[in-house]
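**Q** pasting the sequence and the predicted model now:
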Amino acid sequence: MLKVDDGPDATFGKRMLWFIALWLLGVAGTALLVLPFHLLIIAAMHH
């Protein structure tokens with residue numbers, strides 16, 4: 001069978017892994033959201 005919990009250390013490690021993964025996902029999502037506006041600003045400055 002598959003062990004779900006190996007004690008407090010495993011739980012902490014999983015939480016840190018999830019925290020880092022979600023944080024990176026948030027940063028990537030924000031970058032993708034801001035990118036079009038950033039490109040528009042650069043294009044406007046060149047004119």
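**A** Nice, thanks for sending it over. Residues are numbered from 1 along each chain as shown.
**Q** make it CA atoms for all contacts and neighbour counts henceforth
**A** Will do.
**Q** ok, the most far-flung residue of the chain relative to its centre to Pro8 distance?
**A** Residue farthest from the centre of the chain, counting by C-alpha atoms, centre = their mean, is His47 at 34.3 Å. Using C-alpha to C-alpha, to the nearest Å, His47 is found at 58 Å from Pro8.
**Q** what's the pLDDT at Pro8?
**A** Per-residue pLDDT puts Pro8 at 72.
**Q** next: Leu39.
**A** pLDDT for Leu39: 91.
**Q** work out for me the element it sits within.
**A** helix 8-46 (DSSP states H and E).
**Q** that helix: how far from the chain's middle?
**A** 4 Å (C-alpha atoms, centre = their mean, to the nearest Å).
**Q** likewise for stretch 39-47?
**A** Centroid displacement of stretch 39-47 relative to its chain, using C-alpha atoms, centre = their mean, is 28 Å.
**Q** so for it, what gets flagged as buried?
**A** Buried positions in stretch 39-47, judged by neighbour count with 16 or more other C-alpha atoms under 10 Å: none.
**Q** run through who's touching it.
**A** Counting by C-alpha atoms under 8 Å, 6 or more residues apart in numbering, stretch 39-47 has no neighbours from elsewhere in the structure.
**Q** restrict that stretch to CA atoms and write it as CSV.
**A** Only the C-alpha atoms of stretch 39-47 are listed here, as CSV (Å, rounded to 0.1, in the frame of the first residue of the first chain):
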residue,chain,number,x,y,z
LEU,A,39,5.0,45.1,-24.8
LEU,A,40,2.3,47.7,-25.4
ILE,A,41,4.3,50.2,-23.3
ILE,A,42,7.5,49.4,-25.2
ALA,A,43,5.8,49.8,-28.5
ALA,A,44,4.2,53.1,-27.5
MET,A,45,7.6,54.5,-26.4
HIS,A,46,9.2,53.7,-29.8
HIS,A,47,6.7,55.9,-31.7
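**Q** Lys14 - how many residues pack around it?
**A** Neighbourhood size, Lys14 [other C-alpha atoms under 10 Å]: 13.
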